[in-house]
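Trainee: What shape does this take:
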Amino acid sequence: MKYTTLRQAIVEAEKQHGLHELDFMMRELLHAITEAHVNNEPLRVSHLMRNPDHGTFPTISAKLKKLVEGGWIERRDDEQDRRSVRLEATPKTLAAFDMISSALDSY
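Mentor: Next up, the predicted model:
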């Protein structure tokens, strides 16, 4: 079955790049942040709060803190709004997602 083979490939690729250490919610947040980063769309915590599946502000803040500490994302001052902080994927994250995408091209 192609789905199970693809899912197994994804799990193996995530293990190779350390994503398996992140819980489900952290991976979801990382995907949202990376997608916005790749599309050159500024992303703030308030944007993540719009999706009720992401949890409450304290939950999101705790998960983001762990992603920053792990080197997966960066918080940057927003030049257009000094009260806001933008969330961006790091080169580590972009490289991992790129390698995983390349590995999955054969499926």
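
Trainee: For the rest of this, base every contact and every neighbour count on C-alpha atoms.
Mentor: OK.

Trainee: In terms of secondary structure, what does the least confident helix or strand in the chain by mean pLDDT contact?
Mentor: Ranked by mean pLDDT, DSSP states H and E, the weakest helix or strand in the chain is helix 2-16, scoring a mean of 79. Judged by 3 or more Cα pairs under 8 Å, 6 or more residues apart in numbering; DSSP states H and E, helix 2-16 is in contact with helix 91-104.

Trainee: centre of the chain versus the helix it packs on, how much separation?
Mentor: Distance of helix 91-104 from the chain centroid (Cα atoms, centre = their mean, to the nearest Å) equals 12 Å.

Trainee: buried ones in that helix?
Mentor: Within helix 91-104, the residues that count as buried by 16 or more other Cα atoms under 10 Å are 93, 94, 96, 97, 99, 100.

Trainee: contacting residues around it?
Mentor: By Cα atoms under 8 Å, 6 or more residues apart in numbering, the residues outside helix 91-104 that reach it are 6, 9, 10, 13, 14, 17, 34, 71, 72, 73.

Trainee: Show the low-confidence segments of this protein, by residue range.
Mentor: By pLDDT under 70, the low-scoring segments of the chain are 1, 106-107.
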